[in-house]
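S.K.: Structural data only, the sequence is not supplied:
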């Protein structure tokens, strides 16, 4: 099934966003987003709550339709794809959702095997072996028969990761890998993401608000704030930047993040 | 005044929105049921069987008891009313016609709306909130094919099947009362029932039950997919689903009866 797809060379653009805009009702959530993510990199999209990073992720996944601009994955404009091409594209992409989004009525093993059962004609034995291999990668071997509500937070994330990589995707999206986890488990997950990229040569896009984790795993970081991109650069460059708002975010200075008075008044008086 | 009209307008717009959504769900489910096989993405038989167990088989005891009790009540009221005219034995055609044409399907509709209309809305609503629906979509699995189509098909099979059961149980309940009060034999009661009934009477009830099946499936699923805002939202959409299901069933039933009894 992967015979015909041309392999993306390292360094080539995998995700291209041009002039993307998004709105919920009358509120603008994203404005003028331009972003290029290249093959083989771990790209972190970082921002506080309300920065629009979850909305941006939904657009990258084709779950939301943009009001302006376009999103290209592997060179294809996803808004223009027919259902068949979209399906082919989705098989090259893995997604690990914030809360895991494991199917609560299925065991861990059935969750991980789900994409294989839906999209391939492999026999049950092969599916079982492939599923166990991926569970081994995320250190969840032995937990196949548990249901999602029997797992700890870190285990849910790892099971979701196993499901995301079971079809051997070229591009992996990871939403808030460390949200709700203790520092040790969260560090383990960071190691796992780096290892996956190194072993499987996948491009990884991580959306997070955790600074520590972001700087540890990222090759490049995009800083998102109030629906706009402040900067996209290597971790070193982002750390060293003179950009005041980026620095305020990095140093967690709440006072610098406050809205200016006029803006605040305008918000209050708007009916 | 302005606020009132605005509020009204918003509600009407939302109603139309939901109606359109339900119509799309129906069209898409039917599409997947027919064309899914050709496209190599069939609606899973296993999912349909699971839904049939939940919607139909698990409802057998309650449907049987309610239908039986309803049959007894109707016979009792019939005998009591007709006594004044000395026409107690005319209770039999009354029972036979009203149960098969009307009450068998209506009882099943209300029971299934209460049991499954709520369960479907709650299940899909919580899947929506835990991003399981999004997960299906990014895994390249159409949520309508995977979730809605099996429910619709299971409803279309099980609601008429339960209606047949309800008809039999209600007629049995009515029959037992007639045996006790009017001193018929049960055999002659059934003979009389069969003599009065025509295939068209039974069909009228079954056609209604098919309509109820579609209504419950669509109202339940639509409320599930439109659920927003945490635990509160799920509670709200579950309640809404049951109320709308029952309202839709009763109104559809009335329109049907008006139309068919002309």
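M.R.: Thanks, I have it. Bear in mind that the values here come from a model prediction, so they are computed numbers and not experimental data.
S.K.: Quick check: residues of the stretch 1-150 of chain B near chain A?
M.R.: Contacts of the stretch 1-150 of chain B with chain A, taken as CB under 8 Å from any CB of the partner chain, map to B:126-127, B:130-132, B:134-135, B:137-141. C-beta here means a position set from N, CA and C on the backbone, and glycine is covered the same way.
S.K.: Count the neighbours of residue 25 for me.
M.R.: Chain wasn't specified; assuming chain A. Residues within reach of residue A:25, counting by other CB atoms under 10 Å in any protein chain shown, total 6.
S.K.: right idea, wrong chain: chain B
M.R.: By the criterion of other CB under 10 Å, residue B:25 has 19 neighbours.
S.K.: Repeat that for the one 5 residues further on.
M.R.: Applying the criterion other CB under 10 Å, we find 14 residues in the vicinity of residue B:30.
S.K.: could the residues of the stretch 1-150 of chain B next to chain A go into CSV alongside secondary structure and pLDDT?
M.R.: Converted to CSV, the residues of the stretch 1-150 of chain B next to chain A look like this (DSSP: H, G, I helix; E, B strand; the rest coil; pLDDT from 0 to 100):
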residue, secondary structure, pLDDT
B:126, helix, 93
B:127, helix, 94
B:130, coil, 91
B:131, coil, 91
B:132, helix, 94
B:134, helix, 93
B:135, helix, 94
B:137, helix, 92
B:138, helix, 92
B:139, coil, 91
B:140, coil, 88
B:141, coil, 90
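S.K.: farthest pair in these?
M.R.: Within the residues of the stretch 1-150 of chain B next to chain A, B:126 and B:140 form the most distant pair, 22.2 Å apart (CB to CB).
S.K.: From the chain's centroid, how far away is whichever strand or helix holds residue B:187?
M.R.: Element membership of residue B:187, judged by DSSP states H and E, is helix B:186-196. Here the centre of helix B:186-196 is set off from its chain's centre by 28 Å, with CA atoms, centre = their mean, to the nearest Å.
S.K.: What of stretch A:191-208?
M.R.: Distance, centroid of stretch A:191-208 to centroid of chain: 11 Å (CA atoms, centre = their mean).
S.K.: Derive a ChimeraX selection command for the buried subset of the residues of the stretch 1-150 of chain B next to chain A.
M.R.: Per 16 or more other CB atoms under 10 Å in any protein chain shown, the buried members of these correspond to this ChimeraX selection:
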select /B:126,127,130,131,132,134,135,137,138,139,140,141
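S.K.: What average pLDDT does the host helix or strand of residue A:29 get?
M.R.: Secondary structure assignment for residue A:29, by DSSP H and E: strand A:27-38. Averaged over strand A:27-38, pLDDT sits at 89.
S.K.: Next: stretch B:210-229.
M.R.: 94.
S.K.: Mind checking if that stretch is in reach of chain A?
M.R.: No. Judged by CB under 8 Å from any CB, stretch B:210-229 makes no contact with chain A; its nearest approach is 12.0 Å.
S.K.: what comes up buried for that stretch?
M.R.: B:210-227.
S.K.: Could you do stretch A:65-74 as well?
M.R.: Neighbour count says stretch A:65-74 has A:66, A:69, A:71-74 buried, by 16+ other CB under 10 Å.
S.K.: Filter these down to the ones in strands?
M.R.: Among the buried residues of stretch A:65-74, the ones falling in strands (DSSP state E) are A:69, A:71-73.
S.K.: Pick the one among the residues you listed closest to residue A:219.
M.R.: Using CB to CB, residue A:73 comes nearest to residue A:219 of these, at 18.8 Å.
S.K.: Residue B:95: how many residues sit nearby?
M.R.: By other CB under 10 Å, 27 other residues sit near residue B:95.
S.K.: Grab the nearest non-local neighbour of residue A:143.
M.R.: Excluding the flanking residues, the one nearest residue A:143 by CB to CB, 6 or more residues apart in numbering or on different chains is residue A:108, at 5.6 Å.
S.K.: Just want to check the distance between that neighbour and chain B.
M.R.: Applying CB to the nearest CB, to the nearest Å, the value for residue A:108 to chain B is 14 Å.
S.K.: Retrieve the pLDDT associated with the most centrally placed residue in chain B.
M.R.: Nearest to the geometric centre of chain B sits residue B:109, at 3.0 Å (CA atoms, centre = their mean). Residue B:109 carries a pLDDT value of 96.
S.K.: Which strand or helix spans the nearest residue to it once chain neighbours are set aside?
M.R.: Nearest residue to residue B:109, sequence neighbours excluded (CB to CB, 6+ apart): residue B:212, at 3.9 Å. Applying DSSP H and E as the criterion places residue B:212 in helix B:199-225.
S.K.: quick revisit: wait, what's in contact with the residue nearest to residue B:109?
M.R.: B:105, B:108-109, B:112-113, B:159, B:249, B:252-253 (CB atoms under 8 Å, 6 or more residues apart in numbering or on different chains).
S.K.: Repeat the analysis, applying 10 Å as the threshold.
M.R.: Residue B:212 is in contact with B:105-106, B:108-110, B:112-113, B:155, B:159-160, B:163, B:245, B:248-250, B:252-253, B:256, counting by CB atoms under 10 Å, 6 or more residues apart in numbering or on different chains.
S.K.: what does residue A:214 give?
M.R.: So residue A:214 contacts A:42, A:44-46, A:178, A:190, A:206-208, A:221, A:223, A:235, A:238, A:250 (CB under 10 Å, 6+ apart).
S.K.: Could you dump these into JSON lines with secondary structure, distance to residue B:38 and neighbour count added?
M.R.: As requested, these are arranged in JSON lines below (DSSP: H, G, I helix; E, B strand; the rest coil; distance: CB to CB, whole Å; neighbours: other CB atoms under 10 Å in any protein chain shown):
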{"residue": "A:42", "secondary structure": "strand", "distance to residue B:38": "41", "neighbour count": "25"}
{"residue": "A:44", "secondary structure": "strand", "distance to residue B:38": "43", "neighbour count": "27"}
{"residue": "A:45", "secondary structure": "strand", "distance to residue B:38": "40", "neighbour count": "28"}
{"residue": "A:46", "secondary structure": "strand", "distance to residue B:38": "46", "neighbour count": "26"}
{"residue": "A:178", "secondary structure": "coil", "distance to residue B:38": "45", "neighbour count": "24"}
{"residue": "A:190", "secondary structure": "helix", "distance to residue B:38": "46", "neighbour count": "21"}
{"residue": "A:206", "secondary structure": "strand", "distance to residue B:38": "39", "neighbour count": "26"}
{"residue": "A:207", "secondary structure": "strand", "distance to residue B:38": "38", "neighbour count": "24"}
{"residue": "A:208", "secondary structure": "strand", "distance to residue B:38": "43", "neighbour count": "25"}
{"residue": "A:221", "secondary structure": "strand", "distance to residue B:38": "47", "neighbour count": "27"}
{"residue": "A:223", "secondary structure": "strand", "distance to residue B:38": "48", "neighbour count": "25"}
{"residue": "A:235", "secondary structure": "helix", "distance to residue B:38": "50", "neighbour count": "16"}
{"residue": "A:238", "secondary structure": "helix", "distance to residue B:38": "51", "neighbour count": "25"}
{"residue": "A:250", "secondary structure": "helix", "distance to residue B:38": "55", "neighbour count": "17"}
